[in-house]
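A.B. asks: here is my input; please provide its structure:
(one chain, ligands or ions: 1)
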Amino acid sequence: MSLPAEITDFLGILDESPIGVSVSRRRDGQVVFVNRRFCQVTGMTPDQCIGHPARRLFADDDQRREVVRQLKEAGEIADADVKFFRVDGTSFWSVLTIRSASLNGEAVNLAWIYDVSKRKQAEQTILDGKALIRAMLDSSTDGIVLVNAAGTILALNAAASSFFEKKSDDLPGKSIWDHLPEAVTSSMRRGVERVLARGETVEGHYAIGARLFDIHMHLVDNASGNHDRVAVFSRDVTQIHQRRLQLRKLETALEQAPVAVMITDAQGAIEYVNRAFVLVSGYSEDEVLGRNPRLLKSGETVASVFRDMWQCLSGGATWQGELCNRAKDGSLFWEYATISPIRDDDGVTTHYMAVKENITQRKETEQQLVHQATHDTLTGLPNRLLLEDRVHHAIEVAKREGRRIGLMFLDLDRFKIVNDSLGHVAGDQLLKVVADRLRHTLRRSDTVARLGGDEFVVVLTHFQSSSELAEVAEKISTALDEPVELSGHKVHVGASIGIALFPEDGDDFNSLMKDADTAMYRAKQKGRNTFCFYDSNMNDEALDRLKLEEALRHALVRGEFQLFYQPQVDLQTGVTSSVEALIRWNSPERGQVSPALFIPIAEESNLISMIGWWVLEESCRQLAVWREAGLTGIKVAVNVSGRQFLNHALVECISDLMTQYGVLPSQLEIELTESTVMAEPDRAIEQLTRLREIGIQVSVDDFGTGYSSLSYLKKLPLNTIKVDRSFVRDVNNQSDNAAIVSAILGLADALDMSIVAEGVETEGEEIHLKEAGCIKVQGFRYAKPMPAEQLATWMQRETM
Ligand SMILES: Nc1nc2c(ncn2[C@@H]2O[C@@H]3COP(=O)(O)O[C@H]4[C@@H](O)[C@H](n5cnc6c(=O)[nH]c(N)nc65)O[C@@H]4COP(=O)(O)O[C@H]3[C@H]2O)c(=O)[nH]1
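C.D. replies: The predicted structure follows:
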């Protein structure tokens, strides 16, 4: 059927309207008319519509069926939102209205479509937004309930159900107050009122059933800007609360624990200490937090304990052990510590926890017991047990270091008489006095022990010679020879001392004790208050040395020293321009004593300084005498010992003497042995430099015997090397000596030093030395050391 022109014209008027119009026959559903707008909206041409079934427009079958159903039922469709699919696959939303009508006697469906895609899109966006918000709210673990002023629930999220213990679907529209326990409602009601009245956020904690909630209530604006809604946020804090309670319990337990607890981070910074820690250490929490536990270090715990601790902890294991720490007030305390690493879920150590039991009292008791077991109760001195231990230990060290040990056995000479006559109390008092005197006479490094009764033992480990031991024994004898005041009586006790030496007399404790005891009996037999060595040779030697030292002490005051001078000759010119000053001791008892014998004793007993100064002064004095006598241009080489050389006053003293006697620096030379220079090379360099600064020349004696470090030799400001006599001896026949002398000459040449060969005795030696390039010589071949007066004559004769 085609529509009459007047009808289509009429309908065509609607072409420009926003409404699309189609007319279809009810009979067969064929479209008989579409206006232009209809074609625009549907994206079809009139030809694609007219003559075709109207249902073609519906790409979606379900929708089409629905439209047909409605048309059958009601005969029309009013303003339905329908989604159409265009032939190109795109879709659009339209408001669809279909009405039945009669056109030219034919029943038709008039359809109006109006594109509402934009509105639909906006609606969808709103819906999507709402769904998103809903999803977000539902995914929140906090419950959110929106109520109005009357308490009517307007909305709530899924998590809010736990707050009400009911499914959230039932609740909107109902009163919140009907769904909460009595105890909660009144307080919450007041909260809601406050939020609405003042716009404040109100917080609270509520127990609902077995659960605990943190509640926050906030004012919410409605769409028209009225403040009549309250959002109630509820957070289930039951678990947190329980954990908090648990932690509090643990903290209280830690705080009240009888043991000190300390927690540090992985770097050792203290994060927690409990009350016991504060009590024991004396440090407050604030004073230790953030600091390292090292602040407790006392220096009394052996280093190996800390090494062991860190090895253990860094390996992830728990360490247990004893530590001696220092409290804030400086006192020491002992702890038995258990230190464990604390790891996180990944097994990484984040903290260390130390649980420490104070064991100071136990330690003190232990130490007291040990002290009691190892010390004599009366005198407080080590007893036999400790003595034995110390001697064992000393023997070990002495073996390692190649040292000697002196063990002295002391027996008081008149103790029994005191005890029997004045009683035990006086006897005990006497023993205490003896112990004190021994303690004061000896060095801290020496051991003094009491064996029991009136027997004491002294152990010395630092001494040079047996004469030094004899000296100590003398000192002890002198100290014990002093009278002791006992119960109003002056008592002389004295002691007999027996001395045994390791390793000479014995190499273990028992044999040394036995030998010292034997020697002590010998001393008793000799007459009391004396000492005796176990080895009688040593006895004589030590006594002899002691006597020599004693005599040496008086020699200076008694004017028993004299200087001899030995010329140093120039082989090329035959001229003597320098002499070596050599000391002589004319002892009334011993005759002439060789310096080789008494100089070492003087060095050991410190007499060398006095003797050394005398030699220097005497040399200067002699130079002045020679000058007066017209003997000028002579230089004196003075031997200076090691001890004297390192004395700070040496340079000033030499300067003073030169000024006093009018001696020029070029007239004085200092002779040092190679070992003196090499003993402390750095200090030697310093002192030599100062000597050089005042113009004094220095020569090294005995060169070649002391293993000089060549690198040092280069740095030392020395002028002359003296080739030792041992290399000069038979140099013309002994190739070894010849090689050494030639090497020393080469060295001196390279270091720009001059050479003096010592102890030249034969013509052969002289010829060899001359050919080797050695110019200056000294020895019996030219002259023996002689007194000053003789030297003047000798020199005059030589120059004649
Ligand atoms: N066999 C032999 N010997 C020769 C010959 N020419 C010299 N002598 C001896 O060799 C020693 C040289 O002195 P020294 O090496 O410094 O060795 C000196 C020196 O180290 C020390 N001394 C001497 N006087 C002093 C002094 O005033 N102070 C210091 N600290 N030590 C001194 O005592 C050591 C011994 O002195 P002396 O007995 O006087 O012995 C002297 C001297 O008499 C020779 O051709 N053949």
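A.B. asks: the residue in the stretch 51-200 of the chain that the ligand sits nearest to: what's it in contact with?
C.D. replies: Proximity of the stretch 51-200 of the chain to the ligand (CB to the nearest ligand atom) peaks at T141, 96.2 Å away. To be clear about C-beta, it is placed using only N, CA and C from the backbone, and glycine gets the same treatment. Counting by CB atoms under 8 Å, 6 or more residues apart in numbering, T141 touches A159, R235, D236.
A.B. asks: per-residue pLDDT of it, please?
C.D. replies: We note a pLDDT of 87 for T141 in this prediction.
A.B. asks: and it, that one's in a helix?
C.D. replies: No. Counting by DSSP: H, G, I helix; E, B strand; the rest coil, T141 is not part of a helix but coil.
A.B. asks: next one: it from F163, what distance?
C.D. replies: 12 Å (CB to CB, to the nearest Å).
A.B. asks: check A581 too.
C.D. replies: For A581, the distance to F163 (CB to CB) stands at 113 Å.
A.B. asks: where does the stretch 351-500 of the chain have low pLDDT?
C.D. replies: Scanning the stretch 351-500 of the chain for pLDDT under 70 picks out no residues.
A.B. asks: can you give me the helices for it?
C.D. replies: Along the stretch 351-500 of the chain, counting by DSSP state H, counting those that start in this stretch, helices occupy 360-374, 384-401, 415-422, 424-441, 466-481.
A.B. asks: make a markdown table out of the contacts of T141 and add pLDDT.
C.D. replies: Formatted as a markdown table, the contacts of T141 follow (pLDDT from 0 to 100):
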| residue | pLDDT |
| --- | --- |
| A159 | 85 |
| R235 | 92 |
| D236 | 90 |
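A.B. asks: report how many residues lie close to the closest residue to N647 other than its chain neighbours.
C.D. replies: Counting by CB to CB, 6 or more residues apart in numbering, N647 lies nearest to S609, which is 6.8 Å off, once chain neighbours are set aside. Residues near S609, counting by other CB atoms under 10 Å, number 16.
A.B. asks: so what's V569 up against?
C.D. replies: V575, T576, K776, V777, Q778, Y782.
A.B. asks: now, which of those residues sits nearest L412?
C.D. replies: Closest approach to L412 among the contacts of V569 (CB to CB): Q778, at 57.1 Å.
A.B. asks: just the ones in strands from the contacts of V569, please.
C.D. replies: The members of the contacts of V569 that map onto strands under DSSP state E are T576, K776, V777.
A.B. asks: show me the contacts for the last one.
C.D. replies: With contacts taken as CB under 8 Å, 6+ apart, V777 has the following neighbours: Q568, V569, L571, V756, A757, V760, E766, L769.
A.B. asks: residues in a beta bridge with it, which ones?
C.D. replies: Taking DSSP bridges as the rule, V777 bridges to V569, A757.
A.B. asks: what about the residue of the stretch 51-200 of the chain closest to the ligand, distance to T8?
C.D. replies: As judged by CB to CB, T141 and T8 stand 66 Å apart.
A.B. asks: and L381, by the same measure?
C.D. replies: From L381 over to T8 (counting by CB to CB), the distance is 141 Å.
A.B. asks: higher neighbour count, those two?
C.D. replies: L381 (23 against 15).
A.B. asks: is it true that that one touches A449?
C.D. replies: Yes. Contact criterion CB atoms under 8 Å: L381 and A449 qualify, at 5.6 Å.
A.B. asks: any shared contact partners between these two?
C.D. replies: Residues touching both L381 and A449 (CB under 8 Å, 6+ apart): F456.
A.B. asks: next secondary structure after the lowest-mean-pLDDT helix or strand in the chain?
C.D. replies: Lowest on mean pLDDT, DSSP states H and E among the helices and strands of the chain sits helix 710-715, with a mean of 72. Where DSSP states H and E defines the elements, the next helix or strand beyond helix 710-715 is strand 720-723.
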